[in-house]
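Visitor: model the following, please.
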Amino acid sequence: MKVGFLIRKTRTNKYSVCCRVSFKNDKGVPFSVEGVEIERKEDWKNERGKSLQILGKGAKKKMRILNELELDLFEIFERQKALNYPVTSSIITNLYLGNTKPALTALSVLREWTDEQKKRVKAKNTKRNYERSYLDFERFCKKNQISSLPAEKFTKFYAKKYFNFLKDIPNTEKIAWRKVRNVKNAINEAADDEIIQETKLFNLNFDVKTKIKPFVFLLQDELERIENKDFDIERLENVRVCFLFCCYTGFHFNQMQIFDKKKHLFKQNGRSWISTNRDKNNAYIGVPVYPRTQAILEKCNYKLPVISNGKFNSYLKEIADLCDIRKNLTSKVGRKTFVNMQINVHGVSKATVARMLGHKSSRTTERYYGDIDQTTIIRETESQFQ
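Guide: You can find the predicted model right below:
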């Protein structure tokens, strides 16, 4: 750290003395030194490589004030280092001037981090999840009377307590850990940016047992039952059309909701394609428009009759009963049915299917969507029965 002094001309044609703290490549903002004023510019001798000199009336007193100021600044600097607190020119200056702000709380740090994450993502559900995570932490802080707890004092003890609080709400262990990790990431990022002091949450990790949900999809004959069923009730027919669109394209509900002919349909090499970017990770999605997809789009005049996700899932259960399907149909089942049909019925590679789904890695497709059904087993073992 370096402490430098400079003079600035005042309205009275005299010169005020300013101090500037520099740390590494960070040059701080000069601040005025109270009680030190230079009558003439010639009385200020501050050449590079030489000791500072002040001439004229009261020179010794003025030099003493500057020397004591420099000692005070270095004392603050050494104390910050000894305590492993962040050091910047502005921090040292503000500590000397008494301009330090109250310590940021864990709650306020998470609020700012949450707002930043919500700006970064496009999916409404993801934004909603970030906000719910913050509200859960706010409830925890109020219940335990730690709303004013400084962020750097949010230790592993509180993290474990918050984890247990979330499980009691209840949340699954996986979701509880995700919400604790949000707090961890918010506080660690604030420490990295030197907004708060260093924390002890960098190595925080819980051994969480995650359960992958059953892979629910429609087999070919089940899909055909829905394809061949016409409903007189308009709401059920609209849901059937939208669900089949998901089965033929691999779109999830949000993608289907914002589908637009002008934005997402194009032709290449004489073939129609649906092209978009996935809102979750901005990955490119390109899906051929199969004849069945084209028929669906023409039937609804390229405007899918989408309703709310809650009603969509509710009406799907009615459709499942009427089509004698003993599976819990949701909007996600259409996407998984698409994967099953592509991989197990049509033999498309998982890498290609991953591209159509908007997955950045085929491992994601394999983990969550890549179950092999009897169709593939029969096709790949057929030669053994000949």
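Visitor: what sits against Lys327?
Guide: The neighbourhood of Lys327, defined by Cβ atoms under 8 Å, 6 or more residues apart in numbering, consists of 216, 218, 222, 320, 333. The C-beta positions use only the backbone N, C-alpha and C, and glycine is treated the same way.
Visitor: quick one: Ser331 from Val353, how far?
Guide: According to Cβ to Cβ, to the nearest Å, Ser331 stands 19 Å off from Val353.
Visitor: so which of those two has more stuff around it?
Guide: Remark: of Ser331 and Val353, Val353 carries more neighbours, 23 against 20, as counted by other Cβ atoms under 10 Å.
Visitor: I'd assumed Val345 was in contact with that one.
Guide: No. Here Val353 lies out of contact with Val345, judged by Cβ atoms under 8 Å, at a distance of 11.9 Å.
Visitor: buried subset of the contacts of Lys327?
Guide: Neighbour-count burial (16 or more other Cβ atoms under 10 Å) applied to the contacts of Lys327 gives 218, 222, 320, 333.
Visitor: dump the residue contacts of Phe243.
Guide: By Cβ under 8 Å, 6+ apart, Phe243 lies in contact with 226, 312, 316, 319, 329, 331, 334.
Visitor: can you give me the strands for the stretch 251-386 of the chain?
Guide: 265-268, 271-277, 284-288 (DSSP state E, counting those that start in this stretch).
Visitor: how about CSV for these, with mean pLDDT, mean neighbour count and distance to Glu112 added?
Guide: Conversion of the strands of the stretch 251-386 of the chain to CSV gives the following (pLDDT from 0 to 100; neighbours: other Cβ atoms under 10 Å; distance: least, Cβ to Cβ, whole Å):
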stretch, mean pLDDT, mean neighbour count, distance to Glu112
strand 265-268, 87, 12, 41
strand 271-277, 85, 15, 28
strand 284-288, 83, 16, 32
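Visitor: so where is the stretch 201-350 of the chain shaky, pLDDT-wise?
Guide: 209-213, 279-281 (pLDDT under 70).
Visitor: for it, what spans make up the helices?
Guide: For the stretch 201-350 of the chain, helices defined by DSSP state H, counting those that start in this stretch occupy the ranges 220-227, 234-249, 253-257, 261-264, 291-299, 309-322, 331-340, 350-357.
Visitor: can you tell me which of those comes nearest to Lys9?
Guide: With distances scored as Cβ to Cβ, the stretch of the helices of the stretch 201-350 of the chain nearest to Lys9 is helix 261-264 (61.2 Å).
Visitor: other SSEs contacting that closest one?
Guide: strand 271-277 (3 or more Cβ pairs under 8 Å, 6 or more residues apart in numbering; DSSP states H and E).
Visitor: what angle sits between the strand it packs on and helix 291-299?
Guide: Going by axes from the mean of the first three to the mean of the last three Cα atoms, to 10 degrees, strand 271-277 is angled at 80 degrees with respect to helix 291-299.
Visitor: who are the packing partners of strand 271-277?
Guide: Counting by 3+ Cβ pairs under 8 Å, 6+ apart, strand 271-277 packs on helix 261-264, strand 265-268, strand 284-288.
Visitor: among those, which is nearest Asn340?
Guide: strand 284-288 (15.4 Å).
Visitor: in its sheet, what does that closest one sit against?
Guide: strand 271-277 (antiparallel) (DSSP bridges).
Visitor: quick one: residues in contact with the strand it pairs with.
Guide: Strand 271-277 has contacts (Cβ under 8 Å, 6+ apart) with 249, 255, 259, 263-267, 283-289, 293-294, 358.
Visitor: one step back: and Phe338, which of the helices and strands packed on strand 271-277 is closest to it?
Guide: Of all those, strand 284-288 comes closest under Cβ to Cβ, at 8.7 Å.
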